[in-house]
Each structure stands twice: as C-alpha cells, then as structure tokens.
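Undergrad: Sequence first, predicted model second:
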Amino acid sequence: MDRIEQRALNMPRMMRRLGVDSEAAYGCGLGLMIARAARRCSQCRTVETCTAWLGVPAADTAHRDFCPNAELFERLAG
C-alpha cells in the first residue's frame with residue numbers, strides 16, 4: 001500500500017481509536033476543522049509510525065508525540 005492511501009486510511013482509524021464521532025463532528029458544523037485535519041494527515045511525515053501505533057491495541061498516549069491532529073481529535077472526543 002502506498003503512503004498516500006495509508007494516510008487516507010489512518011485518519012478515520014485514529015479518530016475511532018481516540019473516540020471521535022466524525023458524523024457528530026460534521027453535524028455540529030465542524031466540517032472545516034475536519035477538512036483541515038484531513039489536509040494535515042495527507043501531508044503527514046510520520047505515516048509509518050502512525051500505522052504501527054494504530055496496529056497495536058493499546059491505550060497509551062504515544063500518538064501525542066507524532067500526530068499533528070492529536071490535540072484536535074482529543075478535544076473532539078472529549
């Protein structure tokens with residue numbers, strides 16, 4: 001799988017992992033924020049780290065060290 005496709009798959013996986021309800025976020029008028037997050041994901045330089053982290057069922061907070069959207073996703077989940 002190429003990096004572009006992997007980035008596209010990682011964003012919804014990350015959102016689910018962190019407890020973000022993407023439909024609710026869009027429904028609350030946060031579509032622009034999600035679109036900006038998608039752009040950041042599409043340009044992410046840590047796609048391999050993200051993919052590896054998502055592949056391990058863990059509850060750690062290591063995503064904060066590599067995910068450019070970590071703060072936004074945590075806010076949306078909260």
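TA: The structure has been received and is ready for your questions. What you are looking at is a predicted structure, and each value in this text was computed from that prediction instead of being measured. Residues are numbered from 1 along each chain as shown.

Undergrad: Packing partners of the longest helix along the chain?
TA: In terms of residue count, the longest helix belonging to the chain (DSSP state H) is helix 3-17. Packing partners of helix 3-17 (3 or more C-beta pairs under 8 Å, 6 or more residues apart in numbering; DSSP states H and E): helix 31-42, helix 47-54, helix 70-77. Heads up, the C-betas are built off the backbone N, CA and C, glycines and all.

Undergrad: and these as CSV, adding mean pLDDT and distance to Gln6?
TA: Below are the helices and strands packed on helix 3-17 laid out as CSV (pLDDT from 0 to 100; distance: least, C-beta to C-beta, whole Å):
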stretch, mean pLDDT, distance to Gln6
helix 31-42, 90, 10
helix 47-54, 94, 5
helix 70-77, 92, 18
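
Undergrad: Dump those helices into a markdown table; add mean neighbour count and distance to His63 as well.
TA: Listed next are the helices and strands packed on helix 3-17 as a markdown table, based on neighbours: other C-beta atoms under 10 Å; distance: least, C-beta to C-beta, whole Å:
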| stretch | mean neighbour count | distance to His63 |
| --- | --- | --- |
| helix 31-42 | 15 | 12 |
| helix 47-54 | 17 | 6 |
| helix 70-77 | 16 | 5 |
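
Undergrad: any chance of these in TSV, with distance to Asp2 too?
TA: As requested, these are arranged in TSV below (distance: least, C-beta to C-beta, whole Å):
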stretch	distance to Asp2
helix 31-42	12
helix 47-54	10
helix 70-77	24
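
Undergrad: mind checking which of those is nearest Leu18?
TA: helix 70-77 (4.7 Å; C-beta to C-beta).

Undergrad: Now tell me what touches the closest one from outside.
TA: 14-15, 18-21, 25, 30, 33, 37, 63-64, 67 (C-beta atoms under 8 Å, 6 or more residues apart in numbering).
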